[in-house]
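Asks: Have a look; sequence and predicted model below, questions after that.
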Amino acid sequence: MTNISQEEISKLLEPSLGAWEMPQEFEMLRDTIRRFMQQEVKPLEDRLPHDAYTLEPEPLKKLQKKARDVGLWCFETPAEYGGAGLNLLGQCIAAEEAAKCKMGAYIAGCGAFGFDPPNVIWKGTKAQIEKYGIANVNSGEKAFVAISEASGGSDPSRSIQAKAVLKGDRYVLNGTKIWISGAGQAKWGIVFALTGEEKGRGAITSFIISTDRPGISLKPIPVIRSYSPYEVHFDNYEIPVEDRLGGEGQGFALAEDWLLHGRVPYAAATLGIAEAALELAIEWAKQRKVFGSLLAEKQAIQWMIADSAIELRAAKLVVYQAAWNADLNKNIKVDASVAKVFGTETAGRIVDRCMQIFGGLGVSQEMPLERWYREMRIKRIGEGPSEVHRMVISRDLLGSNRTRG
């Protein structure tokens, strides 16, 4: 047994100078986006109907030019392809701040910062990157990813039934995808389908598809938000071989990478909305008088605000830790699930409390809270429901065999 001196023990107990601290450049990024949102985005959004999910084309183009001129453009896209090239922690900071507007849960910054193409496009051929990825960054328009099907969106390795059959120099795709956000506003997207006779992850292949070819139909699915997802149906839809992304059977690995890293800024965005809601509630409590005194003087209100601040701080650290680990090239499968569950569920609770603090005004369309409340509810399902992520976490802790049955 190795002897440790008292002096060595004392050093171990000293506060570490390497404790967590947000990098200064990301503090500056946060401040820059926050100012842009307040000065440029909010005045335009305030003119729109309560449930609007897009700006008019001309104001949007002007807004996007302003954002691009100051370097706030396509945060996830590598700099070599025209984006900001932020790492995952940077993307989380950007997602938090860009979500702080009425439509921010699904349209970050009202579209001011462009729409990153799905990051898997950067693993394509040079021709694919130029035709789809770089062109998308230059235009600032949307693209979509189609994985989920009616047979079960949370387990793509076993639920995908859409099938692409190679015939000559093209694949013929048949099947239906559902809950596909952005499909109705996009010119292209990436779809995952079976190739070959077998099923499972080794039989899944990814393809780039265009929405202007025959054989594809899109139908909006009404939900509790105004920005509807789509059902995307393929009927003998032909895909040139050169639009296959990666090799046959490599699609699941691409999908998993896209989903895994996307969950962390997804959670961060919900916390940005929760923070905005809490700021509104605090300001309201300081000025609203009821029963002879300010709301801020009521213990019930004080505790609601305190609980929200505590949970928000904890959830942010969970998200930042997941992003930090990803940027260190660590496996974040469990980290991402923890961040997704804790982030989205915490955000939902905070928005709910803030509505309660506002009373009747909180559920009116004079405030963004009732819209955020509806959209936060979807966040617990999107990118994998909370229950599935709890399975991921428990299987890591207990071993996969103990959680079956």
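Replies: Alright, I've got the coordinates.

Asks: residues contacting residue 214?
Replies: Residue 214 sits next to residue 237 when contact means Cβ atoms under 8 Å, 6 or more residues apart in numbering. C-beta here means a position set from N, CA and C on the backbone, and glycine is covered the same way.

Asks: Can you tell me the SS state at it?
Replies: Here residue 214 is coil, with the state taken from DSSP: H, G, I helix; E, B strand; the rest coil.

Asks: measure it to residue 305 for me?
Replies: As judged by Cβ to Cβ, to the nearest Å, residue 214 and residue 305 stand 56 Å apart.

Asks: Residue 30 now?
Replies: According to Cβ to Cβ, residue 30 and residue 305 sit 22 Å apart.

Asks: Kindly report the same for residue 379.
Replies: For residue 379, the distance to residue 305 - Cβ to Cβ - is 22 Å.

Asks: The closest residue to residue 211 other than its chain neighbours - how many residues pack around it?
Replies: Excluding the flanking residues, the one nearest residue 211 by Cβ to Cβ, 6 or more residues apart in numbering is residue 187, at 5.9 Å. Residue 187 has 15 neighbouring residues, counting by other Cβ atoms under 10 Å.

Asks: so who does residue 187 touch?
Replies: Applying Cβ under 8 Å, 6+ apart, the residues near residue 187 are 141, 143, 210, 211, 212.

Asks: and what of residue 248?
Replies: Neighbouring residues of residue 248 by Cβ under 8 Å, 6+ apart: 195, 196, 205.

Asks: at 7 Å instead, please
Replies: Counting by Cβ atoms under 7 Å, 6 or more residues apart in numbering, residue 248 touches 195, 205.

Asks: One more: the one 3 residues further on?
Replies: The contact partners of residue 251, by Cβ under 7 Å, 6+ apart, come to 192, 204, 205, 206.

Asks: Going through these, which ones are buried?
Replies: Buried subset of the contacts of residue 251 (neighbour count, 16 or more other Cβ atoms under 10 Å): 192, 204, 205, 206.

Asks: taking those one by one, which sit in helices?
Replies: Assignment to helices by DSSP state H places none of the buried ones among the contacts of residue 251 there.

Asks: could these be laid out in CSV, adding pLDDT?
Replies: Output for the buried ones among the contacts of residue 251, formatted as CSV (pLDDT from 0 to 100):
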residue, pLDDT
192, 95
204, 93
205, 95
206, 96
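
Asks: So, low pLDDT: which residues of the protein?
Replies: Along the chain, the model assigns pLDDT under 70 to residues 1-20, 153-154, 157, 400-405.

Asks: Helix or strand: which one has the residue sitting nearest the centre point of it?
Replies: The residue lying closest to the centre of the chain (Cα atoms, centre = their mean) is residue 266, at 2.8 Å. Using DSSP states H and E, the secondary-structure element containing residue 266 is helix 251-287.

Asks: Could you spell out the sheet neighbours of the very next helix or strand once past that helix, each with its direction?
Replies: Toward the C-terminus, helix 251-287 is succeeded by strand 289-290 as the next helix or strand (DSSP H and E). Using DSSP bridges, the strands paired with strand 289-290 are strand 293-294 (antiparallel).

Asks: Summarise which helices and strands the next helix or strand after the partner strand is packed against.
Replies: The helix or strand immediately downstream of strand 293-294 is helix 299-327, counting by DSSP H and E. Using 3 or more Cβ pairs under 7 Å, 6 or more residues apart in numbering; DSSP states H and E, the elements in contact with helix 299-327 are helix 88-98, helix 251-287, helix 333-358.

Asks: re the thing from before, neighbour-wise, which of the contacts of residue 187 leads?
Replies: For those, neighbours tallied by other Cβ under 10 Å; top is residue 143, 24 neighbours.

Asks: hang on, the earlier thing: could I get the contacts of residue 251 in JSON lines, plus columns for distance to residue 311?
Replies: Shown next, in JSON lines, are those (distance: Cβ to Cβ, whole Å):
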{"residue": "192", "distance to residue 311": "35"}
{"residue": "204", "distance to residue 311": "38"}
{"residue": "205", "distance to residue 311": "42"}
{"residue": "206", "distance to residue 311": "38"}
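
Asks: Which of those residues fall within strands?
Replies: Of the positions in the contacts of residue 251, 192, 204, 205, 206 sit in strands, assigned by DSSP state E.

Asks: OK, contacts around the second one?
Replies: Residues in contact with residue 204, defined by Cβ under 7 Å, 6+ apart, are 160, 192, 194, 249, 251, 252.

Asks: Show me the two of those that sit farthest apart.
Replies: 160 and 249 (12.4 Å; Cβ to Cβ).

Asks: Number of residues surrounding residue 325?
Replies: Residue 325: 18 surrounding residues under other Cβ under 10 Å.

Asks: show me what contacts it?
Replies: Residues near residue 325 by Cβ under 7 Å, 6+ apart: 332, 335.

Asks: And it, how far from residue 312?
Replies: Taking Cβ to Cβ as the measure, residue 325 falls 21 Å from residue 312.

Asks: I'd assumed residue 122 was in contact with residue 133.
Replies: Yes - the pair residue 133 and residue 122 qualifies as a contact (Cβ atoms under 7 Å) at a distance of 6.1 Å.

Asks: Settle it for me: which of those two has more neighbours?
Replies: Set residue 133 next to residue 122 and count neighbours by other Cβ under 10 Å: residue 133 wins out with 26 against 17.

Asks: Next, the contact list for that one, please.
Replies: Counting by Cβ under 7 Å, 6+ apart, residue 133 touches 81, 117, 121, 122.
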